[in-house]
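1. Quick one, structure for this:
(one chain, ligands or ions: 1)
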Amino acid sequence: MIPQNITATKVVQMKNNPTAASNKLKETEIYKKLHSLLLAREAQVGVIGLGYVGLPLSMAFAKAGYHVTGFDNNPQKVESLMEGKSYIQDVPTSEVEQYVRSQYFSAYSEFTKLNDCDVIVVCVPTPLSKAKDPDVSFIMAAVEKIEQHSRPGQLIILESTTYPGTTREILLPQLEKSGEIRNNGKAYECGRDFFLAFSPERVDPGNPKFNVINTPKVVGGVTDACGELAAVFYSQVMERVIRVSSPESAEMVKLLENTFRSVNIGLVNEVAIMCEKLKIDCWEVIEAASSKPFGFMAFYPGPGLGGHCIPIDPSYLSWKLRSLNYTARFIELAVAINSSMPAFCVDKVALALNEDQKSVKGSKVLILGVAYKRDIDDLRESPALDMIHLLQARGAKVDYHDPYIPRIHWDGLDMESVTWSDQIGSKYDVVVITTDHAKVDYAKVLKSSVRVVDTRNALKDFRDERITKL
Ligand SMILES: NC(=O)c1ccc[n+]([C@@H]2O[C@H](COP(=O)([O-])OP(=O)(O)OC[C@H]3O[C@@H](n4cnc5c(N)ncnc54)[C@H](O)[C@@H]3O)[C@@H](O)[C@H]2O)c1
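-> Residues are numbered from 1 along each chain as shown. As a prediction, this is how the structure comes out:
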């Protein structure tokens with residue numbers, strides 16, 4: 001069952017200086033038993049939260065020969081998986097079917113089997129509340145389940161993106177306390193009775209090149225023994241594991257990565273706004289700047305940020321800093337610029353309609369692409385939804401087409417994708433390209449349209465006065 005294609009993993013250890021006392025904790029029976037179960041791939045793996053992150057992770061460990069039990073509080077998802085069907089685009093149904101049939105993977109919506117698990121990985125959502133503060137209630141609910149079904153000798157790893165300090169401040173005390181119920185009133189000790197680490201998930205849905213296995217995995221344990229066991233666990237499956245000195249560092253790594261993207265997208269969105277005022281084509285500028293072989297990395301403007309990560313994660317960091325009386329200025333500025341982009345693009349639609357002496361009110365608008373990025377079926381935080389709301393508020397009659405999303409029943413919208421035809425643009429006053437899916441024939445869109453607003457440079461090969469670019 002162990003696949004041949006998993007190569008020897010390189011664990012890179014950064015700044016870990018184990019002391020004699022911490023080395024001693026690696027001589028305990030509990031540690032040695034878990035260590036050998038992990039190496040022999042006999043450890044029972046539990047994954048809480050079977051979404052975009054948890055399901056591919058479960059499949060990767062099942063493929064490596066571990067028995068994986070998935071837990072999700074959505075019974076429909078569990079039912080679908082147990083029928084061998086995937087609901088995640090990057091996970092083929094054939095894979096789920098294979099591991100369910102061979103009993104390397106099973107899924108449950110109740111949590112008693114957590115007690116059987118040697119390793120438990122938490123992959124639950126970490127959204128923002130209405131007030132844009134971190135909502136860690138899903139993490140707390142998952143930890144409560146672990147606490148109810150814990151036993152000594154388990155390795156718990158949090159993968160959900162969150163602010164630095166979450167693992168130590170939320171998970172650690174709760175897991176220590178679970179000993180009071182099962183350990184004659186004596187709290188469990190982390191690094192001796194159980195092991196705790198944070199490891200950020202870096203999955204990029206729809207990326208054909210990088211997946212769970214070939215994307216390096218960062219881990220930070222609460223103690224040296226925790227970090228080492230987590231590194232051993234991941235190194236059975238991932239090609240490269242990077243060990244950092246603490247869960248806080250590992251939590252911060254993820255936030256740095258996503259803040260880096262948010263700030264650079266904010267910068268390039270502002271460049272697009274500046275270029276409009278200067279009457280310069282921002283796409284041409286970015287393309288030419290990209291010819292510099294060092295010191296420049298291309299980011300592209302668009303109608304705004306989408307997905308479960310980039311629009312949300314930096315706010316986890318700025319919230320944490322606010323509690324320390326510090327304003328994370330780059331983050332706040334990027335959030336302000338990026339969230340102004342849907343309105344900026346709607347103004348472009350109004351300008352395009354003006355060319356034909358039409359108002360937004362009463363015009364028929366086709367939104368082309370509602371997924372938050374190309375070639376995926378994920379609507380979460382999609383700026384196209386904001387644009388639909390803004391256009392409707394101005395009186396436009398809005399339809400959409402997306403080859404990956406047949407229906408939107410989300411965010412107060414209930415719409416069906418109009419059917420593709422080679423004349424798709426002909427029924428509309430303006431077509432707005434909001435997601436540049438590769439399978440859409442943009443030449444046909446342009447040919448059939450009166451006006452096109454292109455927020456993604458999908459029509460870069462065409463020169464036509466009907467096109468309004470971002
Ligand atoms: N989607 C991405 O591209 C991506 C990339 C990197 C990191 N992340 C992070 O990973 C985490 C999970 O994201 P996701 O995209 O997989 O979310 P998701 O919504 O796709 O999946 C989460 C799953 O957890 C389940 N769930 C919620 N509460 C639960 C509970 N208490 N017990 C059991 N199951 C529960 C939900 O039903 C859902 O199936 C988030 O913190 C996110 O920021 C996501």
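2. Am I right that Val68 falls within a strand?
-> Yes - assessed by DSSP: H, G, I helix; E, B strand; the rest coil, Val68 belongs to a strand.
3. tell me the contacts of it?
-> Shown in contact with Val68 (Cβ atoms under 8 Å, 6 or more residues apart in numbering): Val45, Gly46, Val47, Ser58, Phe61, Ala62, Tyr99, Tyr104, Phe105, Ser106. No exception for glycine: its C-beta is placed from N, CA and C like everyone else's.
4. so, if you compare the residues you listed, which one comes nearest to Asp454?
-> Ser58 (39.1 Å; Cβ to Cβ).
5. how much space between that closest one and the ligand?
-> 11 Å (Cβ to the nearest ligand atom, to the nearest Å).
6. if we can go back for a sec, got JSON lines for the contacts of Val68, with pLDDT, secondary structure and neighbour count too?
-> Shown next, in JSON lines, are the contacts of Val68 (pLDDT from 0 to 100; DSSP: H, G, I helix; E, B strand; the rest coil; neighbours: other Cβ atoms under 10 Å):
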{"residue": "Val45", "pLDDT": "98", "secondary structure": "strand", "neighbour count": "26"}
{"residue": "Gly46", "pLDDT": "98", "secondary structure": "strand", "neighbour count": "27"}
{"residue": "Val47", "pLDDT": "98", "secondary structure": "strand", "neighbour count": "28"}
{"residue": "Ser58", "pLDDT": "98", "secondary structure": "helix", "neighbour count": "30"}
{"residue": "Phe61", "pLDDT": "97", "secondary structure": "helix", "neighbour count": "25"}
{"residue": "Ala62", "pLDDT": "97", "secondary structure": "helix", "neighbour count": "26"}
{"residue": "Tyr99", "pLDDT": "98", "secondary structure": "helix", "neighbour count": "21"}
{"residue": "Tyr104", "pLDDT": "98", "secondary structure": "coil", "neighbour count": "20"}
{"residue": "Phe105", "pLDDT": "98", "secondary structure": "strand", "neighbour count": "29"}
{"residue": "Ser106", "pLDDT": "98", "secondary structure": "strand", "neighbour count": "17"}
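7. Among those, give me the pair with the biggest separation.
-> Farthest pair in those, by Cβ to Cβ: Gly46 and Tyr99, 14.7 Å.
8. now the residue in the stretch 201-350 of the chain that the ligand sits nearest to: how far from Asp281?
-> Closest contact between the stretch 201-350 of the chain and the ligand, by Cβ to the nearest ligand atom, is at Glu201 (4.0 Å). Distance of Glu201 to Asp281, given as Cβ to Cβ, to the nearest Å: 37 Å.
9. These two: which has the busier surroundings?
-> Glu201 (21 against 14; other Cβ atoms under 10 Å).
10. Mind checking what secondary structure the more buried one has?
-> Once three-state DSSP is applied, Glu201 turns out coil.
11. residue contacts, it?
-> Counted by Cβ under 8 Å, 6+ apart, Glu201 has contacts Val53, Leu57, Cys123, Glu159, Ser160, Thr161, Lys254.
12. what's the spacing between the first one and the ligand?
-> Right, the one you point to is Val53. On the measure of Cβ to the nearest ligand atom, Val53 and the ligand end up 3 Å apart.
13. And the chain, what are its domain boundaries?
-> 10-245, 258-469 (automatic domain parsing).
14. Quick one, grab the pLDDT at the residue of the stretch 201-350 of the chain closest to the ligand.
-> You'll see Glu201 listed with a pLDDT of 94.
15. Met1 now?
-> 47.
16. now swap in Ile6 and tell me
-> So Ile6 comes in at 45 (pLDDT).
17. How many residues are close by the closest residue to Glu270 other than its chain neighbours?
-> In space, not counting the residues next to it along the chain, Glu270 is nearest to Ile337; the distance is 5.3 Å by Cβ to Cβ, 6 or more residues apart in numbering. By other Cβ under 10 Å, 22 other residues sit near Ile337.
18. If I average pLDDT within each of the domains of the chain, which one is lowest?
-> domain 10-245 - the lowest mean pLDDT of the domains of the chain, at a mean of 93.
19. tell me how far the ends of it are from each other?
-> This stretch, domain 10-245, spans 17 Å end to end (Cα to Cα, to the nearest Å).
20. Could you do stretch 111-127 as well?
-> Terminal-residue distance, stretch 111-127 (Cα to Cα): 23 Å.
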